[in-house]
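J.: only the shape, not the letters, is given here:
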């Protein structure tokens with residue numbers, strides 16, 4: 001397909017509008033997404049039915065172009081910087097502190113941390129179920145502001161409990177000792193009284 005204009009030869013372009021429309025219909029996409037192989041123009045121009053177009057698609061002469069997705073590279077880079085603390089100053093903030101991180105979310109996170117710690121201590125037998133329940137209710141009553149404070153309280157409570165147990169054991173030991181002394185003294189007095197009664201009877 002050559003034509004002469006002002007002494008120069010120009011090659012006429014083959015009109016493939018029909019083939020592009022049919023290919024878009026077969027591939028279920030827009031015409032702008034259809035790629036026609038420029039090296040196979042003759043074969044493509046002869047295809048005037050959907051069946052012929054399907055054969056060309058199978059041969060790889062007609063291809064559906066990939067969709068141009070919106071790149072997330074810049075977004076990922078920005079998020080990575082934000083995780084380091086960049087771009088989060090006062091000028092970048094739109095909402096209030098309570099809107100950016102609600103107080104309820106902070107409360108839920110804290111309660112979960114404290115309750116998880118209490119569960120761990122109870123399961124490992126570091127605290128009994130009574131102390132667990134007492135501390136659980138105190139956590140609910142906002143007595144501990146963080147995990148460290150709760151741990152310190154647990155250590156103090158355990159030390160206090162051990163001290164009380166030690167004092168109780170000592171008091172019990174004293175009571176037992178005093179009871180034994182009283183019984184010994186009473187038995188001695190009883191023996192002495194028997195001896196006196198026996199001596200008076202013999203005289």
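T.: Happy to help now that I have it. None of these values were measured; they are calculated from a predicted model. Numbering: from 1, shown residues only.
J.: now do the helices in the chain.
T.: 17-27, 41-46, 50-59, 73-83, 97-100, 103-123, 129-140, 147-202 (DSSP state H).
J.: dump these into JSON lines; add distance to residue 89, mean neighbour count and mean pLDDT as well.
T.: In this view, the C-beta of every residue, glycine as well, is placed from N, C-alpha and C. JSON lines is the format used below for the helices of the chain (distance: least, Cβ to Cβ, whole Å; neighbours: other Cβ atoms under 10 Å; pLDDT from 0 to 100):
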{"stretch": "helix 17-27", "distance to residue 89": "50", "mean neighbour count": "17", "mean pLDDT": "95"}
{"stretch": "helix 41-46", "distance to residue 89": "58", "mean neighbour count": "14", "mean pLDDT": "92"}
{"stretch": "helix 50-59", "distance to residue 89": "54", "mean neighbour count": "15", "mean pLDDT": "95"}
{"stretch": "helix 73-83", "distance to residue 89": "11", "mean neighbour count": "10", "mean pLDDT": "97"}
{"stretch": "helix 97-100", "distance to residue 89": "13", "mean neighbour count": "10", "mean pLDDT": "95"}
{"stretch": "helix 103-123", "distance to residue 89": "21", "mean neighbour count": "14", "mean pLDDT": "97"}
{"stretch": "helix 129-140", "distance to residue 89": "35", "mean neighbour count": "14", "mean pLDDT": "96"}
{"stretch": "helix 147-202", "distance to residue 89": "29", "mean neighbour count": "11", "mean pLDDT": "88"}
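J.: quick one: closest of the ones you listed to residue 66.
T.: With Cβ to Cβ as the criterion, residue 66 lies closest to helix 17-27 of those, at 12.2 Å.
J.: elements contacting that closest one?
T.: strand 34-36, helix 50-59, strand 62-64 (3 or more Cβ pairs under 8 Å, 6 or more residues apart in numbering; DSSP states H and E).
J.: got the contact list for the last one?
T.: So the one you mean is strand 62-64. 19, 23, 27, 29, 33-37, 44, 53, 56-57 (Cβ atoms under 8 Å, 6 or more residues apart in numbering).
J.: just give me the closest of these to residue 68.
T.: residue 33 (9.9 Å).
J.: list the contacts for the closest one?
T.: With Cβ under 8 Å, 6+ apart, residue 33 has these contacts: 24, 27, 64, 65, 67.
J.: rewinding a little: mind giving me JSON lines with the contacts of strand 62-64 and columns for distance to residue 191?
T.: Converted to JSON lines, the contacts of strand 62-64 look like this (distance: Cβ to Cβ, whole Å):
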{"residue": "19", "distance to residue 191": "130"}
{"residue": "23", "distance to residue 191": "124"}
{"residue": "27", "distance to residue 191": "119"}
{"residue": "29", "distance to residue 191": "117"}
{"residue": "33", "distance to residue 191": "118"}
{"residue": "34", "distance to residue 191": "123"}
{"residue": "35", "distance to residue 191": "122"}
{"residue": "36", "distance to residue 191": "127"}
{"residue": "37", "distance to residue 191": "127"}
{"residue": "44", "distance to residue 191": "131"}
{"residue": "53", "distance to residue 191": "126"}
{"residue": "56", "distance to residue 191": "127"}
{"residue": "57", "distance to residue 191": "121"}
